[in-house]
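*Asks:* Sequence first, predicted model second:
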Amino acid sequence: MAYEDLRDWIAALERAGELRRITAEVDPILEITEITDRVSKMPGSPQLTWGRVSDPARASEARQFADAPSFVPAANSGNAGGPALLFQNIKGHPGHQVLINQFGSARRMNLALEVNSLDEIADRIRHFMDVKSPQGFLDKVKMLPILAEMGKFFPKTVTTGPCKEVIRKDNFSLDWFPILQCWPKDAGRFITLPCVVTRDTKTGKRNVGCYRMQVFDERTTALHWQRQKVGAEHYREALRRAAAQSDVGAGVAARASVDIMARSSGGAVLAEGQRPAGKMEVAVAIGTDPAVTFSSIVPAPPDVEEYLIAGFLRQKPVELVKCETVDLEVPATSEIVLEGHVHLDELRTEGPFGDHTGFYSLEDLYPVFHLSCITHRKNPIYATTIVGKPPMEDAWMGKAVERIFLPLMKLTIPELVDINLPVEGIFHNLMIVSIKKSYPGQARKVMNAIWSLGQAMFTKCIIVVDEDVNVQDIGDVTLKVLNHIDPERDIQFTLGPIDSLDHASRLPNYGSKMGIDATRKWASEGFTRPWPDEILMDSKTKALVESKWKKLAKELGLE
């Protein structure tokens with residue numbers, strides 16, 4: 001059963017022993033971050049085991065069944081990431097609660113998406129991708145169950161929902177909510193886990209993205225949609241349309257569009273001279289069910305709505321309600337909804353902000369979000385996250401994206417075997433790829449394919465290895481890569497788009513990338529020297545030692 005809302009998800013976390021309630025008073029300015037940072041870097045958090053609850057002090061953490069054993073937390077378990085935290089005594093915000101670190105372990109990511117393994121979702125994706133064009137009537141009949149299953153994932157609009165329990169079009173303030181300042185040199189308080197809803201003015205398609213929002217005052221924030229994100233493209237499309245409808249530019253729509261993009265560097269700065277006036281509608285949902293929240297961070301194709309992805313993940317459609325002051329839809333069970341507009345002729349300095357790179361992202365210009373309405377549940381729970389030096393909560397979300405979207409990457413790059421985005425590589429800095437090599441130069445073809453693939457275009461360094469290398473084993477990768485490359489021959493550089501958070505690139509959003517071909521070199525690639533065999537023990541000897549290993553292990557003190 002899909003989680004109905006954030007509260008249902010919190011209850012599931014508590015039943016699973018994965019939530020801790022914090023009743024001591026804490027300050028949303030820096031203190032919650034320091035506590036959460038320590039917890040998220042814990043080497044182990046409670047896992048579950050079967051057994052009867054014998055310790056009354058632990059009974060409240062157990063999941064009770066009428067006639068069955070209870071789930072109880074196992075001591076000294078190895079599930080890194082620390083528990084989810086629900087702060088219930090927030091300084092300056094009596095009665096409010098803050099949920100954080102909800103996705104902060106491999107186990108909780110599985111719980112959030114209601115699977116035992118993320119591979120289950122990847123298998124479901126493969127199932128739909130295997131659908132072939134029907135060749136006849138019988139094939140069409142066989143497709144009906146699959147089409148019916150797909151149909152149940154589409155979102156549906158309902159008349160009202162819990163997010164409408166309180167509606168405020170006047171006398172509202174962002175200061176009501178316990179919004180965090182995460183790090184000492186942050187420019188202020190930031191909303192860090194919002195589902196930002198926009199609509200393409202050209203196609204009408206919605207997008208849900210997770211873009212941080214710096215609070216300027218009680219009714220305005222920044223919208224930090226990075227230049228290559230879909231929300232930013234919706235903003236640029238609104239800018240193009242406004243330019244084409246005004247007397248600015250060449251007077252022809254296409255020329256006016258090119259002109260406004262060039263003069264504003266793609267909406268990054270205010271264009272010299274007159275800038276097209278107008279507004280773009282935006283809605284922000286905070287505290288959604290876990291599938292919707294996760295869907296807001298996935299690198300989905302622009303034509304696929306995140307609400308549909310969430311429906312696919314939860315195997316049940318997302319229920320949406322119309323906003324009060326803008327023509328957009330938000331999840332009906334959201335804890336908090338912010339409605340408003342971005343003005344096309346207004347940018348404001350946003351940042352610095354302590355980011356997932358482990359460094360502060362620098363100040364830059366971003367659009368300003370003006371609130372026109374706030375709706376929320378009674379006693380809303382504020383869901384948030386922090387980012388900083390890994391590992392933190394976002395690391396587990398990133399690894400989930402890696403696993404789930406591998407089948408989609410294989411659609412474009414069929415020779416892919418596996419990929420690894422090491423947590424320390426901050427997702428966009430390093431991708432290790434194994435391939436089934438079939439022709440000369442294929443590793444370089446794969447690099448270029450990745451650099452042209454959605455959000456993967458930001459990847460700063462790509463390492464390509466053969467299929468016999470386990471990319472999840474960094475030790476194996478290091479051994480093979482450093483032994484297999486001739487640096488001058490096997491490393492290539494190129495220029496292209498760079499993640500906005502990269503502080504080392506020569507220009508903002510533009511810089512160099514590196515690819516390393518660590519595959520075995522072929523004679524047809526110009527390598528004429530002998531290639532040595534890898535050192536491996538023969539199977540007969542391995543079997544002999546295996547038969548004696550139990551006794552040997554006891555004598556070696558390894559039991």
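*Replies:* Yep, it's here.
*Asks:* Which helix or strand in the chain has the lowest average pLDDT?
*Replies:* Least confident helix or strand of the chain, by mean pLDDT, DSSP states H and E, is strand 45-51 with a mean of 31.
*Asks:* wait, doesn't residue 418 sit right on residue 406?
*Replies:* Yes. If you go by Cβ atoms under 8 Å, residue 418 and residue 406 touch, sitting 7.2 Å apart. (Glycine included, C-beta is placed from N, CA and C.)
*Asks:* pLDDT below threshold where in the stretch 1-150 of the chain?
*Replies:* Within the stretch 1-150 of the chain, the stretches with pLDDT under 70 are 1, 44-79, 127-150.
*Asks:* for it, what spans make up the strands?
*Replies:* When assigned using DSSP state E, counting those that start in this stretch, the strands of the stretch 1-150 of the chain occupy the ranges 19-22, 45-51, 70-79, 84-87, 97-100.
*Asks:* Which residue is the nearest non-sequential neighbour of the residue nearest the centre of the chain?
*Replies:* Residue closest to the mean C-alpha point of the chain, counted by Cα atoms, centre = their mean, is residue 297 at 3.3 Å. Leaving aside its sequence neighbours, residue 297 sits nearest to residue 210 (Cβ to Cβ, 6 or more residues apart in numbering; 4.8 Å).
*Asks:* any idea how far the longest strand seen in the chain is from the chain center?
*Replies:* Among the segments of the chain that qualify as a strand by DSSP state E, the longest is strand 336-350. In terms of Cα atoms, centre = their mean, to the nearest Å, the centre of strand 336-350 is found 22 Å from the chain centre.
*Asks:* before we move on, the earlier item: now for the residue nearest to residue 297: which residues touch it?
*Replies:* Residue 210 is in contact with 193-196, 293, 296-297, counting by Cβ atoms under 8 Å, 6 or more residues apart in numbering.
*Asks:* can you check residue 198 too?
*Replies:* Here residue 198 is in contact with 206-207, 209, 230-231, 234-235, 280-282, 328 (Cβ under 8 Å, 6+ apart).
*Asks:* got a winner among these for most neighbours?
*Replies:* residue 282 (29 neighbours; other Cβ atoms under 10 Å).
*Asks:* Check for me that that one belongs to a strand.
*Replies:* Yes. Applying DSSP: H, G, I helix; E, B strand; the rest coil, one finds residue 282 inside a strand.
*Asks:* Beta-bridge partners for it, please?
*Replies:* Beta-bridge partners for residue 282, by DSSP bridges, are residue 340.
*Asks:* so it sits right up against residue 196, yeah?
*Replies:* Yes. Using Cβ under 8 Å, residue 282 is in contact with residue 196, at 6.5 Å.
*Asks:* Overlap of the contact sets of these two?
*Replies:* Common contacts of residue 282 and residue 196 (Cβ under 8 Å, 6+ apart): residue 223.
*Asks:* Surely residue 372 is in a strand?
*Replies:* Yes. Residue 372 sits within a strand when classified using three-state DSSP.
*Asks:* I'd guessed it sits against residue 168; true?
*Replies:* No. Using Cβ under 8 Å, residue 372 is not in contact with residue 168; the gap is 10.4 Å.
*Asks:* between these two, which one's more packed in?
*Replies:* residue 372 (17 against 14).
*Asks:* so who does the more buried one touch?
*Replies:* Residue 372 touches 169, 325-326, 339-341, counting by Cβ under 8 Å, 6+ apart.
*Asks:* could you redo the residues you listed as TSV and give each row neighbour count and distance to residue 106?
*Replies:* Converted to TSV, those look like this (neighbours: other Cβ atoms under 10 Å; distance: Cβ to Cβ, whole Å):
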residue	neighbour count	distance to residue 106
169	12	43
325	16	40
326	20	38
339	22	36
340	24	37
341	18	40
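*Asks:* from those residues, which single one is nearest residue 153?
*Replies:* residue 326 (25.1 Å; Cβ to Cβ).
*Asks:* Excluding sequence neighbours, find me the nearest residue to that closest one.
*Replies:* Residue 326 sits nearest to residue 281 (Cβ to Cβ, 6+ apart), 4.0 Å away.
*Asks:* What of residue 263?
*Replies:* Using Cβ to Cβ, 6+ apart, the nearest residue to residue 263 is residue 271, at 3.9 Å.
*Asks:* For that neighbour, grab the count of nearby residues.
*Replies:* Residue 271 has 20 nearby residues by other Cβ under 10 Å.
*Asks:* Repeat that for residue 119.
*Replies:* So residue 119, with other Cβ under 10 Å, has 13 neighbours.
*Asks:* Repeat that for residue 263.
*Replies:* Residue 263 is flanked by 16 other residues according to other Cβ under 10 Å.
*Asks:* With residue 276 as the reference, measure out to it.
*Replies:* The gap separating residue 263 from residue 276 is 11 Å, by Cβ to Cβ, to the nearest Å.
*Asks:* before we move on, the earlier item: what's the separation between the residue nearest to residue 326 and residue 296?
*Replies:* Separation of residue 281 from residue 296 (Cβ to Cβ): 17 Å.
*Asks:* Then residue 269?
*Replies:* On the measure of Cβ to Cβ, residue 269 and residue 296 end up 27 Å apart.
*Asks:* Then residue 384?
*Replies:* Applying Cβ to Cβ to residue 384 and residue 296 gives a distance of 14 Å.
*Asks:* Show me which of those two is the more surrounded one.
*Replies:* Remark: of residue 384 and residue 296, residue 384 carries more neighbours, 27 against 23, as counted by other Cβ under 10 Å.
*Asks:* Show me which residues of stretch 462-475 are buried.
*Replies:* Of all the residues in stretch 462-475, those buried under the rule 16 or more other Cβ atoms under 10 Å are 462-466, 469-471.
*Asks:* For residue 429, see how far away residue 504 is.
*Replies:* 10 Å.
*Asks:* One more: residue 181?
*Replies:* 26 Å.
*Asks:* In this structure residue 458 contacts residue 497, no?
*Replies:* Yes. Contact criterion Cβ under 8 Å: residue 458 and residue 497 qualify, at 6.4 Å.
*Asks:* what's the overlap in contacts for these two?
*Replies:* Shared contacts of residue 458 and residue 497 (Cβ under 8 Å, 6+ apart): residue 228.
*Asks:* So between the two, which is more surrounded?
*Replies:* Using other Cβ under 10 Å as the criterion, residue 458 and residue 497 rank with residue 458 on top: 23 against 15.
*Asks:* before we move on, the earlier item: can the contacts of residue 372 go into JSON lines with extra columns for distance to residue 542?
*Replies:* Listed next are these as JSON lines, based on distance: Cβ to Cβ, whole Å:
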{"residue": "169", "distance to residue 542": "73"}
{"residue": "325", "distance to residue 542": "70"}
{"residue": "326", "distance to residue 542": "66"}
{"residue": "339", "distance to residue 542": "65"}
{"residue": "340", "distance to residue 542": "66"}
{"residue": "341", "distance to residue 542": "68"}
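*Asks:* What is the nearest of the residues you listed to residue 187?
*Replies:* Closest approach to residue 187 among those (Cβ to Cβ): residue 340, at 20.1 Å.
*Asks:* Which pLDDT value belongs to that closest one?
*Replies:* Predicted confidence (pLDDT) for residue 340: 97.
*Asks:* quick one: it from residue 218, how far?
*Replies:* Taking Cβ to Cβ, one finds residue 340 at 12 Å from residue 218.
*Asks:* Please apply the same query to residue 533.
*Replies:* The gap separating residue 533 from residue 218 is 69 Å, by Cβ to Cβ.
*Asks:* Comparing these two, which residue is more hemmed in?
*Replies:* A count of neighbours by other Cβ under 10 Å puts residue 218 above the other of residue 533 and residue 218, at 11 against 6.
*Asks:* The residue nearest to residue 263 touches residue 264, doesn't it?
*Replies:* Yes. The criterion here is Cβ under 8 Å, and residue 271 meets it with residue 264 at 4.3 Å.
*Asks:* sorry, back to before: of all the contacts of residue 210, which comes closest to residue 38?
*Replies:* For the contacts of residue 210, the nearest to residue 38 is residue 193 (19.4 Å; Cβ to Cβ).
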